[in-house]
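# Pasting the sequence and the predicted coordinates here, then a few questions.
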Amino acid sequence: MHKIIAVCGMSGTGKSEVVKYLESKGFFRIYFGQATIDEIKRRGLDINEANEKMIREELRKKHGMAAYAIINLDKISQAVSQNNVVIDGLYSWSEYKFLKEKFGDNLLVLTVTAPFKLRLERLANRPVRPLSESEVKSRDLAEIENSEKGGPIAAADYTVVNNGTLGKLYQTLEIILQEIYQ
């Protein structure tokens, strides 16, 4: 069986850049947050931080704290039977435990971290869904208190501190991939 690398971390740490890099290395991407976006669109709502938070919390009330892993299980199972997989956005401890039970040692967690001020700068300047400082703080609080996000971050197999250039990030990821596949 192929490997699954689940990428986690707070907003603005560079998770998307990590995922893009892994995609460039042939990994199949599964974006957990797509379920939120799809539900927002289905309801005809605007895609914004408030609606995303509302839908995330509703999906977790409906499916439990492992919601995104449950919603995406079939897609993950099918993809990993044919290819390495990168999960874009492991959000909760319950999702981690659910996936670990299903995939065992084939699941690896990679946490991406960055200093808060750098995260604020990145999030304010990103072209899609930029966030203000108050939105970042609100999201951080909700993700830590309501989403069990700290668990997978703490239990990660690999941690990347993304406070430099993209080149430095890619070098770090290449070292991790070499370690995984040696």
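Thanks, I have it.

# Phi, psi for the nearest residue in space to G33 that is not next to it in sequence please.
Once its chain neighbours are removed from consideration, G33 has its nearest residue in G89; the separation is 5.2 Å (CB to CB, 6 or more residues apart in numbering). C-beta coordinates here come from the backbone N, C-alpha and C atoms, glycine included. Main-chain torsions, G89, degrees, to the nearest 10: phi 100, psi 70.

# before we move on, what about V85?
When read as degrees, to the nearest 10, the backbone of V85 gives phi -130, psi 140.

# Look at the residue nearest to G33 and report its pLDDT.
Here, the pLDDT recorded for G89 equals 86.

# What separation do you get for it and E179?
Here the distance between G89 and E179 works out to 23 Å (CB to CB, to the nearest Å).

# biggest strand in this structure, by residue count?
Of all segments of type strand in the chain, defined using DSSP state E, the longest is strand 107-113.

# Give me the helices and strands touching whichever helix or strand comes after that strand, please.
The element immediately downstream of strand 107-113 (helix or strand, assigned by DSSP states H and E) is helix 116-125. Secondary-structure packing of helix 116-125 (3 or more CB pairs under 8 Å, 6 or more residues apart in numbering; DSSP states H and E): helix 133-145.
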